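Trainee: Need a 3D model of the following:
(one chain, ligands or ions: 1)
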Amino acid sequence: MDMERYAEANNVPILEKESIEFINKYIQLNDVKSVLEIGSAIGYSAIMMAKDKADLEITTIEKDEKRYKEAIKNIKTCGLDERINVVFNDALEVSLAGYKFDLIFIDAAKGQYIKYFDKFKYYLSDRGVIITDNLKFHGLVENKDRIESKNVQGIVNKIEQYIEYLKDNDEYVTKFYDIGDGLSVTYKANNGKIEGIN
Ligand code: MG
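Mentor: Next comes the predicted model:
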């Protein structure tokens, strides 16, 4: 696919195949109708989700202008612009008052995960879940001693804090999966069993 080649050539991280399969299976099993994605990149993951379920509507937020434009182009090319709405902004600045989503997918700036979670948990529908990507951060979370860059070290520390934050959260239950670059699924503690994640 052109998008995969573009991502590789331009160093844009896109979702791993097994992560897409996991998310799409969750979407099918739970009849997810609405997705909010934090971090569109070039639109790849939104396109893969929308292609898999004809009644799925996605709002996806991207703050990088070049990626935003690329996402718009790719989504149009795939004929999915009626069902995928791309918002050009920093997710922490976006107001979605009145909206609820069955699935919120966090895949943006890794240092901001706690902030995204705290902001967007209020946009979950009753049975909604938050899926977060890159909890292994390319394997670096498990191999911290190998990191030389202070910047990367800082991101890895933030991801670890986010993982602890999820584990300690009494209002939400989180399951962690060794899929792709590490995924978590978080749902409200009073929701009981959810298809495909127990
Ligand atoms: Mg990712």
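
Trainee: Would you mind naming what in this structure lies close to the ion?
Mentor: Taking C-beta under 5 Å from the ion as the criterion, the neighbours of the ion within the chain are D107, D133, N134. Using the backbone N, CA and C atoms, a C-beta is placed for each residue, glycine as well.

Trainee: Looks like the second one contacts Y177 (just checking).
Mentor: Read that as D133. No: contact criterion C-beta atoms under 8 Å: D133 and Y177 do not qualify, at 10.5 Å.

Trainee: which one's the longest helix in this protein?
Mentor: Across the chain, the helix with the greatest residue count (assigned by DSSP state H) is helix 150-168.

Trainee: Could you export it as PDB, CA atoms only?
Mentor: These are the backbone C-alpha positions of helix 150-168, laid out as PDB (Å, rounded to 0.1, in the frame of the first residue of the first chain):
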ATOM      1  CA  LYS A 150      17.800  12.400  27.600                       C
ATOM      2  CA  ASN A 151      14.800  13.300  25.500                       C
ATOM      3  CA  VAL A 152      13.900   9.600  24.900                       C
ATOM      4  CA  GLN A 153      14.600   8.800  28.500                       C
ATOM      5  CA  GLY A 154      12.100  11.400  29.500                       C
ATOM      6  CA  ILE A 155       9.400   9.900  27.200                       C
ATOM      7  CA  VAL A 156      10.100   6.400  28.500                       C
ATOM      8  CA  ASN A 157       9.700   7.700  32.100                       C
ATOM      9  CA  LYS A 158       6.400   9.300  31.100                       C
ATOM     10  CA  ILE A 159       5.100   6.100  29.600                       C
ATOM     11  CA  GLU A 160       6.100   4.200  32.700                       C
ATOM     12  CA  GLN A 161       4.200   6.800  34.800                       C
ATOM     13  CA  TYR A 162       1.200   6.300  32.600                       C
ATOM     14  CA  ILE A 163       1.300   2.600  33.000                       C
ATOM     15  CA  GLU A 164       1.500   3.000  36.800                       C
ATOM     16  CA  TYR A 165      -1.300   5.600  36.700                       C
ATOM     17  CA  LEU A 166      -3.600   3.100  34.900                       C
ATOM     18  CA  LYS A 167      -2.700   0.300  37.200                       C
ATOM     19  CA  ASP A 168      -3.500   2.400  40.300                       C
END
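
Trainee: Can we start the residue count at 11 from this point?
Mentor: Taking 11 as the first residue, the last one we looked at is helix 160-178.

Trainee: Now that helix: buried residues?
Mentor: Of the residues in helix 160-178, V162, I165, V166, K168, I169, Y172, I173, L176 count as buried by neighbour count, 16 or more other C-beta atoms under 10 Å.

Trainee: Tell me the helix or strand right after that helix.
Mentor: strand 182-187 (DSSP states H and E).

Trainee: Describe which strands that next one pairs with in its sheet and in which direction.
Mentor: Looking at strand 182-187 with DSSP bridges, its paired strands and their directions are strand 193-198 (antiparallel).
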